[in-house]
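[1] Okay, predicted coordinates and the sequence, questions at the end:
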Amino acid sequence: QVQLVESGGGLVQAGGSLRLSCATSGRTFSIYAMGWFRQAPGKEREFVAAISSFGSRTYYADSVKGRFTISRDNAKNTMYLQMNSLKPEDTAIYYCAAHPQSLQIVSGTVDAWGQGTQVTVSS
């Protein structure tokens, strides 16, 4: 099973930017579609974005469309989430996720989770 490790979270002011990374182990990264989810205090985990195994297709939640960009570098076994124009409501723990099919990630079906990284946006 693929191992996922997130990094890049932190504290940022509203309107600022952060880039999250999700590094993976092993040689199977390119067979997995990848995605990001987030969970705010007192709320359920929600889908944020997903990318197909070779990056040709991307999917976004309406709440982040136009502000967040998901990408991946299969040579580095790493996925990214560039977050711009951050809002206080983006505050959450962000988790990366893996599944062979990107549409399964969009529907919430995931094979592996990372441990999460905290993103806090101050107003």
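    Yep, that arrived.

[2] only C-alpha atoms for contact and neighbour calcs from this point on.
    OK.

[3] for the helix or strand harbouring Ala98, packing partners?
    Secondary structure from DSSP states H and E places Ala98 in strand 92-99. Secondary-structure packing of strand 92-99 (3 or more Cα pairs under 8 Å, 6 or more residues apart in numbering; DSSP states H and E): strand 4-7, strand 33-39, helix 102-106, strand 112-113, strand 117-122.

[4] Just want the angle from the longest one to strand 92-99.
    Put simply, strand 33-39 runs at 150 degrees to strand 92-99, going by axes from the mean of the first three to the mean of the last three Cα atoms, to 10 degrees.

[5] Strand 33-39 pairs with which strands, and in what direction?
    strand 46-51 (antiparallel), strand 92-99 (antiparallel) (DSSP bridges).

[6] and what of the last one?
    When pairing is defined by DSSP bridges, strand 117-122 lines up against strand 10-13 (parallel), strand 92-99 (antiparallel).

[7] okay, these, which one's buried deepest?
    Mean neighbour count (mean count of other Cα atoms under 10 Å) peaks for strand 92-99 among the strands paired with strand 117-122, with a mean of 25.

[8] Residues contacting that strand, please?
    2, 4-6, 22, 32-41, 105, 109-120 (Cα atoms under 8 Å, 6 or more residues apart in numbering).
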